[in-house]
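In: mind folding the following:
(2 chains)
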Amino acid sequence: MESASVILAVFMMIPLGMMMLVFSGKSRVILGFLLAGIFMAMFAGQIDGFILSATNISVKLAVENVTPITEEVLKAIPIVCLAFLFKPDRQFLIECAVAVGIGFSLLENVYLFSEAGQVTLLWALVRGCGSGMMHAICTLMIGDAMSAVVQKRKLFLTGSLAALSISIIYHSIYNIIVQSEYSLFGILLPIATYIPLLMFIKSRKDTANESAYHTKERRKTK
Amino acid sequence: MSPLAFELISCVISLAAFLYGMVNLCKKEVPLYFKLYALAVGCYALEEIWVVVNTIFGTESSFVSVRLFGTFGFFCFILSANYGGFDKVTDERTPEDRKARLIARIAPLLLFALCILSDVLSYSAKPLSHMILELIVLSPTFPAAYLCLKHRLLPSDHSGVLKATLGTDIVSLLLFLVNSVYLFRFLDTTHLASYCCDIIMSVMVALMMVFSVWGAKKWKALL
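Out: Predicted coordinates for the structure are as follows:
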């Protein structure tokens, strides 16, 4: 029997997949990465389920120590592939990375909603601001790191693994807080990190633009 | 003092060090080397936050923890800094800084060897699977450690910056020496020395940031 996550993923992926034909250029690729995020969420659900059934660990322990690893590794796969196969520009890579995170959280939230039954608007707000933002922030961090690693190829191994480690730890912190009796504090973590992260990425973007401008100018002078 | 208090103190110290580093090092004229050290400290601070949050709300277990990725990320950032931190790479060698360069190149390798050794020692009393998993996680950093040997060269007029980078390297080396003692807490959770080590490590991380900011200032003075 198919699991609920697979059925929900099919519900979402079919119309989005069909609509990819309507879109073109960058929008199509971003939609494709949203789909990839949904697919990875479905896949992560299967893997987590397998690990839980194969080992004797509790669900709480698995959510704190196992799911952050599997989910972050799976989410990073499409981003790494895009970065190294197509070498897109920084902004586009970040947009695609965020699309993967949002796609992932979309299926996760819909699945949890279907499992929870009666939920309130507060629940939706907590999940949206918490889990939704958290997944997007994790992939945003990986996407930003990848954009730097693509420019400095020799940092591929260390740079990408370092970014992955940060996103795993961050994800685990969120999961621990959300599972506690102070789950509402869970939403504070993504909100508190989103603004500084956005400022950091923006500052890096300005620097990148400026150096690109200087390179152009130097070429012109030559 | 309870273990949580020790962990909170080290968390606050490392977080403050990270913020200090971000404020001073996230500028376009600062070389990537120092920025990567700031990110390494950020990774360490995140690991400390994880420890505090896990102590308060998490599940106590002997299961291999996500915390390992904090240490691993910290290593990776330090290696990235040592391997690709400077754009200006030359083969210039002068007698004055030959010794310094040698230490700068050996430090990251020693750092790794010590880490692996300490991890193996601390896990020797645990099931073998934990040790294998840890080694698998840490193994991709070996080739990077080897590669960083060849690429850490600076022009001779950058001796001030070199001193600062040596400072960060030596502190990070000492940090992992302390870490090897710290890891013994897995064998004895009531070990007070291990909690003291945690605070010492955070102070060392803060010292790394001070060296990095100093190095960045020296670099700016050269521009």
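
In: and the residue of chain A nearest chain B?
Out: With CB to the nearest CB, the shortest gap between chain A and chain B falls at A:S165, namely 2.9 Å. Just so you know, the C-beta spots here come from the backbone N, C-alpha and C atoms, and that holds for glycine as well.

In: can you give me the helices in chain A?
Out: Taking DSSP state H as the criterion, chain A carries its helices at A:4-19, A:25-54, A:59-65, A:67-86, A:90-116, A:121-127, A:133-151, A:156-179, A:188-221.

In: with only the CA atoms kept, save the fourth one in PDB.
Out: As requested, the backbone C-alpha atoms of helix A:67-86 are provided in PDB (Å, rounded to 0.1, in the frame of the first residue of the first chain):
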ATOM      1  CA  THR A  67      15.900  13.200   9.900                       C
ATOM      2  CA  PRO A  68      18.000  16.400   9.800                       C
ATOM      3  CA  ILE A  69      20.800  14.500   8.200                       C
ATOM      4  CA  THR A  70      18.700  12.600   5.600                       C
ATOM      5  CA  GLU A  71      16.600  15.600   4.700                       C
ATOM      6  CA  GLU A  72      19.400  18.100   4.300                       C
ATOM      7  CA  VAL A  73      21.500  15.700   2.300                       C
ATOM      8  CA  LEU A  74      18.500  15.000  -0.100                       C
ATOM      9  CA  LYS A  75      17.700  18.700  -0.400                       C
ATOM     10  CA  ALA A  76      21.300  19.500  -1.200                       C
ATOM     11  CA  ILE A  77      21.500  17.000  -4.100                       C
ATOM     12  CA  PRO A  78      19.500  19.100  -6.700                       C
ATOM     13  CA  ILE A  79      21.300  22.300  -5.700                       C
ATOM     14  CA  VAL A  80      24.800  20.700  -6.000                       C
ATOM     15  CA  CYS A  81      23.900  19.200  -9.400                       C
ATOM     16  CA  LEU A  82      22.600  22.500 -10.700                       C
ATOM     17  CA  ALA A  83      25.700  24.300  -9.400                       C
ATOM     18  CA  PHE A  84      28.300  22.000 -10.900                       C
ATOM     19  CA  LEU A  85      26.600  20.900 -14.100                       C
ATOM     20  CA  PHE A  86      25.200  24.200 -15.300                       C
END
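
In: need the pLDDT of the nearest residue to B:T55 once chain neighbours are set aside.
Out: Distances taken as CB to CB, 6 or more residues apart in numbering or on different chains put B:L4 closest to B:T55, at 5.3 Å, once the chain neighbours are dropped. Note on B:L4: pLDDT of 83.

In: how about B:L4, secondary structure?
Out: Using DSSP: H, G, I helix; E, B strand; the rest coil, the structure places B:L4 in helix.

In: for it, grab the count of nearby residues.
Out: Neighbours of B:L4 under the rule other CB atoms under 10 Å in any protein chain shown: 14.

In: any idea how far it is from chain A?
Out: For B:L4, the distance to chain A (CB to the nearest CB, to the nearest Å) stands at 14 Å.

In: which residues touch that residue?
Out: Neighbour list for B:L4: B:V52, B:T55, B:I56 [criterion: CB atoms under 8 Å, 6 or more residues apart in numbering or on different chains].

In: tell me the residues of chain A that contact chain B?
Out: For chain A, the contact set with chain B under CB under 8 Å from any CB of the partner chain comprises A:57-58, A:60-61, A:64-65, A:68-69, A:152, A:154-155, A:157-159, A:161-162, A:164-166, A:168-170, A:172-173, A:176-177, A:179-180, A:182, A:200, A:203, A:206-207, A:210-211.

In: any low-confidence regions in chain A?
Out: Filtered on pLDDT under 70, chain A yields the residue ranges A:1-2, A:154, A:204-222.

In: helices or strands up against the longest helix that chain B contains?
Out: Criterion DSSP H: the longest helix present in chain B is helix B:192-222. Applying 3 or more CB pairs under 8 Å, 6 or more residues apart in numbering or on different chains; DSSP states H and E, we find helix B:192-222 packed against helix B:3-25, helix B:32-57, helix B:159-182.

In: and the angle for that helix with helix B:32-57?
Out: For helix B:192-222 against helix B:32-57, the angle by axes from the mean of the first three to the mean of the last three CA atoms, to 10 degrees is 150 degrees.

In: same question for helix B:192-222, mean pLDDT?
Out: Confidence over helix B:192-222 (mean pLDDT, whole number) is 78.

In: now the residue in chain B that chain A sits nearest to: which helix or strand?
Out: Taking CB to the nearest CB, chain A has its nearest neighbour within chain B at B:G73, 2.9 Å off. Using DSSP states H and E, B:G73 falls within helix B:67-84.

In: hmm, back to that, from B:V52, how far out is the residue nearest to B:T55?
Out: Per CB to CB, to the nearest Å, B:L4 is found 7 Å from B:V52.

In: burial of A:S172, as a residue count?
Out: 28.

In: quick one: contacts for it?
Out: For A:S172, the contacting residues are A:E64, A:N65, A:P68, B:W50, B:V66, by CB under 8 Å, 6+ apart.

In: redo those as a markdown table? Include distance to A:F39 and neighbour count.
Out: Shown next, in a markdown table, are the contacts of A:S172 (distance: CB to CB, whole Å; neighbours: other CB atoms under 10 Å in any protein chain shown):
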| residue | distance to A:F39 | neighbour count |
| --- | --- | --- |
| A:E64 | 25 | 27 |
| A:N65 | 24 | 24 |
| A:P68 | 19 | 24 |
| B:W50 | 29 | 24 |
| B:V66 | 24 | 25 |
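
In: so B:V30 makes contact with B:G215?
Out: No: B:V30 lies out of contact with B:G215 (CB atoms under 8 Å); the separation is 9.0 Å.

In: now do the buried residues in stretch B:209-223.
Out: Neighbour counts over stretch B:209-223 (16 or more other CB atoms under 10 Å in any protein chain shown) mark B:M209, B:V210, B:F211, B:S212, B:V213, B:W214, B:G215, B:A216, B:K218, B:W219 as buried.

In: list the contacts of the second one.
Out: The reference is to B:V210. Applying CB under 8 Å, 6+ apart to B:V210 gives no contacts.

In: worst-scoring helix or strand of chain B, pLDDT-wise?
Out: The weakest-scoring helix or strand in chain B, judged by mean pLDDT, DSSP states H and E, is helix B:141-151 (a mean of 47).

In: give the residue spans of chain B that score low on pLDDT.
Out: B:60-65, B:83-194, B:222-223.

In: 50 - rerun?
Out: B:88-91, B:96, B:100, B:125, B:127, B:137, B:140-153, B:187 (pLDDT under 50).
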